[in-house]
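Novice: Turn this into a model:
(chains A and B)
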Amino acid sequence: MGLRCVSFLVAIVTTLSAGVAFAAAPIKIGGLFAVTGPAAFLGEPERNTAKMVVDEINKAGGVKGHKLELVVYDTSGDATKAVQLATKLVRDDHVAAIIGPSTTGESMAVIPVAEREKVPLISCSAGIKITEPVKKWVFKTAQNDTLAVGKIYEYLQRHKQSKVAILTVSDGFGASGREQLKAQARKYGITIVSDDTYGPKDTDMTAQLTKIRGSQAQAIICWGTNPGPAVIAKNARQLGIKTPLFMSHGVSSKKFIELAGDAAEGIKLPSGKVIVADLLPGSDHQKNPLLAFVKDYQRHYRAEGDHFGGHAWDAVMLLKNAIERGGDTRATIRDQLEKTHGFAGIGGVFSYSAQDHAGLNKDAFVLVEVKKRDWTIVK
Amino acid sequence: MRRDLLKFLLFAVAILVAPLAFKGGYLMNVLVFAGINTMLAVALNLLLGYAGQISLGHAGFFGLGAYLSGILTATYGWNAWLAMPLAALAVGMLAGLIGFPILKLKGHYLAMATLGLGIIIYIVFNETVDLTGGPSGFSGIPNLAIGSLVFDNDLKNYYLIWAFTLAVVLFCLNLARSRVGRALRAVHDSEVAARVMGVNARILKVQVFALSAVISSLAGSLYAHTMTFVSPASFGFNFSVELLTMVVIGGLGSIYGSFLGAALLTLLPELLRGAQDYDILIYGGLLMVMVMFLPGGLVRGIPDLFRKLAGRGEGAGNA
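Specialist: Numbers count the residues shown, from 1 in each chain, chains lettered A, B, ... in the order given. Prediction:
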């Protein structure tokens, strides 16, 4: 007992003295991620990645001599909690900027806090409402689903297919996707012949698919995150549906292929470039950061780096760049963020401006196809 | 009677001075939500603790209040002070209408029916995208204001919400001690016996259900104007269960118990945050210990525990 007590004291003393050793004051960054709860598949890789990147930046000497210090809280995907914790980050932890939250609902809830307290917020969630209309203090790194929808419709238009059936999940991600699918259809000369939804926890979608089979659809577009789309892929195969199946970027990780198994073969989806990093041509600006991220994540967590982690990677690196370019207060960091131009990250090449706080264009996505249980790029 | 008033005044003063101890840090923000949760727990306790009728759908009434206030003010530009009572009235009437058939049920069946009601309301929030913004939520709700005084920071919101909460607490304390309160307890103990004594149990149950819904709706409106944003996820089944836990942990049939339960369950997760990944484990463990060793809830359990520790435990069981 006495020995343990002594070693504990020693530990405290070493930590304290280590703290003193840093000459320049550390810059605090707040992180809000849904590490537990229904959105844990987003929050966990995001937190892991943020920690990893901050560690690496510090090992390499920090930013302009300042170490970064990451203060992370788990929101469990709850909007009320996200607001409380954002307030905590601002008032008690005095962070210079916040990255996260993981879901659109939480981000929307936290936006009033960021605006009122004047703290730069880089959201890691996809909802288009987060940055449209533009809010002074709010940026985001996750690709807008507008761009993903555009990528699929472009392909369909090129292949002269105009009748589609859409099947979307009834949560924030699906609702936003559905809105975009309907809004952009006309622009690409596409008619939606069937429009159905399914619940996030549904385990059988044969009813919806049977209805779609009876329609004239030339393509089925499903918008959801795991495991729903895998169920749809399997159900479609069981029903013998031959209509080409498209998915959203919400399933672009190996997990989807694992879940859907053989039924995943031939499915096409728009995806950020992470999952096909090694297939990219050398001329792609993102290739190097992507490969570095994938390798790092593999080494740290023995798992493949994915898009969700990528959103946090981008957020931390964007902050780092903004600080390097001279941002040292909340206000100057915000101003520098807005001047970000041509930053090649994981989600795409970011260029923010006063009119655009999402910063990406359609090139952030590639259309991929599942072949032999792996991804290939559709030319 | 005098002692009760003194107790309430002490409670009110404690609430009044609490911000001095927190100096505007983020805990103030948590205390604002503790106020809202207290209001909800007190409302649910009227139903569960006094009348003995369970509800697993109270998050639904809470949500209806929040959305009605939010939509009326943000979409249709109503005055918030007008939208709030109107929302409460509408929710009360809805609860009254549904209460008639639903409260004929007892025990598990009533639990299931109210559970269903809560889930239906949740689904409506999710699916009526044009009206509620669907799963990604509804934003742009204005803060409450009196003249040029806008309730836009935690300190102002704290006093605003706790003023409402104290009013609700005072009202419920009085109700519990009145003839109605005694009738409710009679219904709780034995509905048949209560009827024999001339209590119209059926109407009484519907009335208390509606009243409880009205208070929940009011809490919802305050929540919406404080957060300035609402999303369906905050009004799901989980939150109904959380409310139920607050009431049970605090003590059934005790208004102050509901306050203790709400305060504890709102603050505990924040205090445990330092324990990082183990917080949920500790939180669950503490709840389990409390239910096992303080089955009567905090308000009865703590004095019992002291008595037991002091070695005078004989009469503790039936205190």
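Novice: who are the neighbours in contact with A:D374?
Specialist: Neighbouring residues of A:D374 by C-beta atoms under 8 Å, 6 or more residues apart in numbering or on different chains: A:I257. The way it works is simple: take the backbone N, C-alpha and C, and place the C-beta from them, glycine included.
Novice: Close to chain A: what parts of chain B are there?
Specialist: Near chain A, the residues belonging to chain B are B:24-26, B:29-30, B:33, B:126-127, B:129, B:134-137, B:139, B:152, B:154, B:227-231, B:233-234, B:270, B:273, B:280 when assessed by C-beta under 8 Å from any C-beta of the partner chain.
Novice: In strands, which of those residues fall?
Specialist: Of the positions in the residues of chain B next to chain A, B:S139, B:F229, B:V230 sit in strands, assigned by DSSP state E.
Novice: Quick check: the last one vs B:G251, distance?
Specialist: Between B:V230 and B:G251 the distance, using C-beta to C-beta, to the nearest Å, works out to 30 Å.
Novice: Tell me which of those two has more neighbours.
Specialist: B:V230 (30 against 24; other C-beta atoms under 10 Å in any protein chain shown).
Novice: how far away is that one from B:F237?
Specialist: Taking C-beta to C-beta, one finds B:V230 at 17 Å from B:F237.
Novice: cool, A:G77 as well?
Specialist: Taken as C-beta to C-beta, the span from A:G77 to B:F237 is 14 Å.
Novice: What is the burial count for the residue in the stretch 201-319 of chain B that chain A sits nearest to?
Specialist: Sorted by distance to chain A under C-beta to the nearest C-beta, the residues of the stretch 201-319 of chain B start with B:S231, at 4.0 Å. Counted with other C-beta under 10 Å, residues neighbouring B:S231 total 29.
Novice: So how do I select the buried members of the residues of chain B next to chain A in ChimeraX?
Specialist: Buried members of the residues of chain B next to chain A, defined by 16 or more other C-beta atoms under 10 Å in any protein chain shown, are picked up in ChimeraX with:
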select /B:26,29,30,33,126,129,134,135,136,137,139,152,154,227,228,229,230,231,233,234,270
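Novice: In helices only, show me the residues of chain B next to chain A.
Specialist: Among the residues of chain B next to chain A, the ones falling in helices (DSSP state H) are B:Y26, B:N29, B:V30, B:F33, B:N126, B:E127, B:V129, B:D154, B:M227, B:E270, B:I280.
Novice: Can you pick out the most distant pair from the residues you listed?
Specialist: For those, the maximum inter-member distance is 34.5 Å, found between B:Y26 and B:E127 (C-beta to C-beta).
Novice: What separation do you get for the closest residue to A:F343 other than its chain neighbours and A:A344?
Specialist: Spatially, and ignoring its direct neighbours in sequence, A:F343 is nearest to A:F350 (4.5 Å; C-beta to C-beta, 6 or more residues apart in numbering or on different chains). In this view, A:F350 and A:A344 are 8 Å apart by C-beta to C-beta.
Novice: where does the closest residue to A:G174 other than its chain neighbours fall, helix, sheet strand or coil?
Specialist: Nearest residue to A:G174 in three dimensions, chain neighbours excluded: A:T168, at 4.0 Å (C-beta to C-beta, 6+ apart). Of the three states, A:T168 takes strand according to DSSP: H, G, I helix; E, B strand; the rest coil.
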